[in-house]
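Visitor: sequence first, predicted coordinates after that:
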Amino acid sequence: MNAAVATGAGRVQALLAARVAANERFFAAEAQRLTEICHEMAQRFARGGRLLAFGADAVDASDARHVAVEFVHPVIVGKRALPALALPAGEVALLARADDIAVAYGSGPAVEAAVRAAGCFTIAFAEVGADRELVPPTDDPFVAQELAETAYHVLWELVHVFLDHRDRTTGRDSGASSFLYPFLGTQDHDLDAVFADVRASALAKAREVDELRTQTLTEGRDELVGAAAALRDRLDAGGTVLALGNGGSATDAMDAVADLRAGPPPRRALDLTADPAIITAIANDIGTEAIFSRQVIAYGRAGDALLALSTSGNSLNVIAALEEARRRGLLTIAFVGYDGGRVAAEALADRVIVTRSEHIPRIQEAQASAWHVLRELIEEPSCGV
């Protein structure tokens, strides 16, 4: 290992340690409050309430989009779809109802005004005057965003525990998701016991993501350092990063583009998930497999880079885009989950970082850390190869 690579490896280790420490502090302090928020959210969803998510800037908007897609699209078998919308801050007061839940990302006058005007239960990850504020114990905006992402995933996962408990105590069918929470079967009427189990589950999920984050950044360390050097060379030469993904991974692509554009220094980046007219036109006229590859044809050039995010590593539209990017001389970088899928097995990207889990929320959380570490390494020439 040469000196530059050793410097990069040490930097990755330091960034990992900071994340593990912040994660432990945050969830130790907030597990009980997360549990109480889950219960309040479940009551509101049961009364017909919706979740309205909004943010202060492009990075915050990616979180709002992420939480909305997670609640609406039940990626775990048996989970019910719950109503959620991502909105501009200025539209929250127009659309909010008394039983809704408004979730704010970021801070500033627009967010504070939206929280005040919402007229419903409000949650925030900064001090903006919300009913419940879960403020990450860090000054690092990347780490703060990662903690908020885990927190809203935990809210999404565990709100179903209270909904299932309500179904059982009122004689409703709790559905196929009940097998995920076997303790409910013997404690139908003991809400205190459910609170205790939900709190314990929140802490367990926090430990799980720490373990997965450690695996991802440790095993993927050399790939991240190499990817940073290659990306920096292309960006410095005027290249553009094209980013893509499906579902929650699409919002992670949004975040990556926002991070690159925000700097410092600002970098060229395009979000291939951003334009619904283009995506739906391609999907309707050609097929969903082509929604990203056609855009690579339109926008990609030799000297650019493609960043692909996938929890499975098997999404056909991601694979088609990676193949097209290679034909056109783009650097290709992939963040994948499970065992890496076809992307890893067939070496479909120049750099592949694998998060070894089958739990989609935890994969996305670890991938967020890996991306943020990569973003920092790009701007550290001493970490190159």
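Guide: That came through fine. All of these numbers come straight from a predicted model, not from anything done at the bench.

Visitor: can you tell me how far the closest residue in space to His359 that isn't next to it in sequence sits from Ala321?
Guide: Nearest residue to His359 in three dimensions, chain neighbours excluded: Glu208, at 7.3 Å (CB to CB, 6 or more residues apart in numbering). All C-beta spots, glycine's among them, are computed from the backbone N, C-alpha and C. According to CB to CB, to the nearest Å, Glu208 and Ala321 sit 30 Å apart.

Visitor: how about low-confidence regions in the stretch 151-300 of the chain?
Guide: Where the stretch 151-300 of the chain drops to pLDDT under 70, the residues are 169-189.

Visitor: quick one: the strands in the stretch 251-385 of the chain, in order.
Guide: 269-271, 305-310, 331-336, 351-354 (DSSP state E, counting those that start in this stretch).

Visitor: columns distance to Ala93 and mean neighbour count on top of these, output as a markdown table?
Guide: Putting the strands of the stretch 251-385 of the chain into a markdown table (distance: least, CB to CB, whole Å; neighbours: other CB atoms under 10 Å) gives the following:
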| stretch | distance to Ala93 | mean neighbour count |
| --- | --- | --- |
| strand 269-271 | 28 | 22 |
| strand 305-310 | 33 | 28 |
| strand 331-336 | 37 | 27 |
| strand 351-354 | 41 | 24 |
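
Visitor: circling back: which one of Glu208 and Ala321 has more residues nearby?
Guide: Counted by other CB atoms under 10 Å, Glu208 and Ala321 do not tie: Ala321 has more neighbours, with 29 against 17.

Visitor: I'd assumed Leu244 was in contact with the more buried one.
Guide: Yes - counting by CB atoms under 8 Å, Leu244 is a contact partner of Ala321 at 5.9 Å.

Visitor: mutual contacts of those two, please.
Guide: Overlap of the contact sets of Ala321 and Leu244 (by CB atoms under 8 Å, 6 or more residues apart in numbering) consists of 272, 292, 295, 306, 308.

Visitor: which residue comes closest to the third one once chain neighbours are left out?
Guide: Ranked by CB to CB, 6+ apart and with sequence neighbours excluded, the top spatial neighbour of Gln295 is Leu272, at 4.7 Å.

Visitor: now do the phi/psi pair for the one you found.
Guide: Leu272 adopts backbone torsions of phi -80, psi 0, taken as degrees, to the nearest 10.

Visitor: OK, contacts around it?
Guide: 242-244, 253, 292, 295-296, 299, 321.

Visitor: for this protein, what spans make up the helices?
Guide: In the chain, the helices defined using DSSP state H lie at 3-46, 58-72, 92-95, 109-117, 141-169, 191-219, 221-236, 248-262, 276-285, 293-299, 316-327, 341-345, 360-378.

Visitor: show the buried residues in the contacts of Leu272.
Guide: Buried subset of those (neighbour count, 16 or more other CB atoms under 10 Å): 242-244, 253, 292, 295-296, 321.

Visitor: out of these, what pair is the most spread apart?
Guide: Greatest spatial distance among the buried ones among the contacts of Leu272 (CB to CB): Ala253 and Val296, at 13.3 Å.

Visitor: partner residues bridging the residue nearest to Asp350 when sequence neighbours are not counted?
Guide: Of all residues not flanking Asp350 in the chain, Thr332 sits nearest, at 4.9 Å (CB to CB, 6+ apart). In this entry, Thr332 is beta-bridged to Leu306, by DSSP bridges.

Visitor: I'd say Thr332 and Arg351 touch.
Guide: Yes - taking CB under 8 Å as the definition, Thr332 is a contact partner of Arg351 at 7.4 Å.

Visitor: wait, what's in contact with the nearest residue to Lys205 once chain neighbours are set aside?
Guide: Leaving aside its sequence neighbours, Lys205 sits nearest to Val154 (CB to CB, 6+ apart; 5.5 Å). By CB under 8 Å, 6+ apart, the contact set of Val154 is 34, 202, 205-206.

Visitor: just to revisit the earlier point, just name the closest of the buried ones among the contacts of Leu272 to Glu376, please.
Guide: Of these, the one sitting nearest to Glu376 (CB to CB) turns out to be Ala243, at 16.8 Å.

Visitor: excluding residues flanking it in the chain, which one is nearest the closest one?
Guide: Ala253 (3.9 Å).

Visitor: dump the residue contacts of that neighbour.
Guide: 243-245, 271-273, 307, 309 are the contacts of Ala253 under CB under 8 Å, 6+ apart.

Visitor: rerun at 10 Å
Guide: With contact set as CB atoms under 10 Å, 6 or more residues apart in numbering, Ala253 has these partners: 62, 241-246, 269-274, 292, 307-309, 335, 371.

Visitor: what does Gly313 give?
Guide: Per CB under 10 Å, 6+ apart, neighbours of Gly313: 319, 334-346, 348-349, 352, 354-355.

Visitor: could you rerun that using 8 Å?
Guide: Here Gly313 is in contact with 334, 336-345, 354 (criterion: CB under 8 Å, 6+ apart).

Visitor: quick one: which of these is nearest to Tyr105?
Guide: Nearest to Tyr105 out of the contacts of Gly313 is Gly337 (CB to CB; 23.8 Å).
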